[in-house]
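>>> here's a sequence, model it:
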Amino acid sequence: MKKQSCELRQLIEAAWDNVLFDNTYASARLAVPSRSTQIRVDPCRLEQVLRNLFENALGASTQPAQITVDWEDCEHAGYQWLHIFV
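Okay, the predicted model is just below:
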């Protein structure tokens, strides 16, 4: 795993663009906050997870679909976490 500092919104948009590249979901829309959040992750792995979530959500939605993504900082057992909602 190769963790690096990444901008979460950019990873979300990259995963979304890859899903739309298929053209099956060309009419779908993504709603994502405009705020900037830096995270330390393996960008390839997180992008794949997001892509899978988007594909599953779109597959279960009627067209045209709108997928909403949001996130919040949280703490659990003394560790900082990022909770991502799709």
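
>>> close enough to count as contact, residue 38 and residue 6?
Yes - using CB atoms under 8 Å, residue 38 is in contact with residue 6, at 7.2 Å. Placement of C-beta: from N, CA and C, glycine included.

>>> so which of the two has more stuff around it?
Counted by other CB atoms under 10 Å, residue 38 and residue 6 do not tie: residue 6 has more neighbours, with 18 against 8.

>>> return the distance of that one relative to residue 14.
10 Å (CB to CB, to the nearest Å).

>>> buried residues, whichever strand or helix holds residue 82. List them.
Secondary structure from DSSP states H and E places residue 82 in strand 79-85. Neighbour counts using 16 or more other CB atoms under 10 Å place residue 84 of strand 79-85 among the buried residues.

>>> output the contacting helices and strands for it.
Here strand 79-85 touches strand 70-76, going by 3 or more CB pairs under 8 Å, 6 or more residues apart in numbering; DSSP states H and E.

>>> so what secondary structure elements neighbour the strand it packs on?
strand 79-85.

>>> at 10 Å instead, please
In this structure, strand 70-76 packs against helix 8-21, strand 79-85, with contacts taken as 3 or more CB pairs under 10 Å, 6 or more residues apart in numbering; DSSP states H and E.
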